[in-house]
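K.L.:
A structural model of the following input is requested.
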Amino acid sequence: MQDSLNVHWYDGKIGSNVPPISLNLQEKQYLLQQFQKNIETKISPSANMFLKMIIQDIGRPPNYCDQNKVWAEDVLIQLQKKLINHKEQSDILKTLSEQLSDISSGQCPSGRVTRLIQVLYSC
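P.N.:
Residues are numbered from 1 along each chain as shown. Below you'll find the model as predicted:
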């Protein structure tokens, strides 16, 4: 497999560009539940399923990528903020839908975070 297609190739290489979000777990959960409600009809059913899974795992080990020192929920909140001000939301949501659906091939923390960071960087 080509290195750049393997999410573990990015381990330890991308986390420093994603600052942590200074919110408590309940605030993060509320923000992301609202985000999910706002985009649920704009992303695929499988993407919705994995987004809900990430929201359920807020503050838990499945969302924390130790190699990059990044929480999946922090990346999603950064992405939500960027989407608000982005003119081409449909393109970003299409990419987000694809990346969330791809979590089915690897639900490890590194896979969750790397796929979400790819969407964040594409904005």
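K.L.:
flag the shaky bits of the protein, pLDDT-wise.
P.N.:
Scanning the chain for pLDDT under 70 picks out 1-16, 106.
K.L.:
hey, where'd the strands end up in it?
P.N.:
Using DSSP state E, the strands of the chain run over residues 64-65, 70-71.
K.L.:
now render the ones you listed as JSON lines, adding distance to residue 117.
P.N.:
Where C-beta positions appear, they are placed from N, C-alpha and C, glycine not excepted. Listed next are the strands of the chain as JSON lines, based on distance: least, CB to CB, whole Å:
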{"stretch": "strand 64-65", "distance to residue 117": "9"}
{"stretch": "strand 70-71", "distance to residue 117": "7"}
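K.L.:
so of these, which one's packed in deepest?
P.N.:
Mean neighbour count (mean count of other CB atoms under 10 Å) peaks for strand 70-71 among the strands of the chain, with a mean of 26.
K.L.:
show residues contacting it.
P.N.:
With CB atoms under 8 Å, 6 or more residues apart in numbering as the contact definition, strand 70-71 has outside contacts at 14-15, 18, 20-21, 59, 63-65, 113, 117.
K.L.:
out of these, which sit inside helices?
P.N.:
113, 117 (DSSP state H).
K.L.:
can you name the two of the contacts of strand 70-71 that sit furthest apart?
P.N.:
The largest separation in these, counting by CB to CB, is between 14 and 59 at 21.0 Å.
K.L.:
these two - which one has more neighbours?
P.N.:
Between residue 14 and residue 59, counting by other CB atoms under 10 Å, residue 14 is the more crowded of the two (21 against 13).
K.L.:
can you show me the helices along this structure?
P.N.:
25-39, 45-56, 72-84, 89-102, 109-122.
K.L.:
flag every buried residue along the fourth one.
P.N.:
When burial is assessed from 16 or more other CB atoms under 10 Å, helix 89-102 yields the following buried residues: 89, 92-94, 96-102.
K.L.:
now distance to residue 72 too, for the residues you listed, in JSON lines please.
P.N.:
Below are the buried residues of helix 89-102 laid out as JSON lines (distance: CB to CB, whole Å):
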{"residue": "89", "distance to residue 72": "21"}
{"residue": "92", "distance to residue 72": "17"}
{"residue": "93", "distance to residue 72": "17"}
{"residue": "94", "distance to residue 72": "20"}
{"residue": "96", "distance to residue 72": "13"}
{"residue": "97", "distance to residue 72": "16"}
{"residue": "98", "distance to residue 72": "16"}
{"residue": "99", "distance to residue 72": "11"}
{"residue": "100", "distance to residue 72": "11"}
{"residue": "101", "distance to residue 72": "15"}
{"residue": "102", "distance to residue 72": "14"}
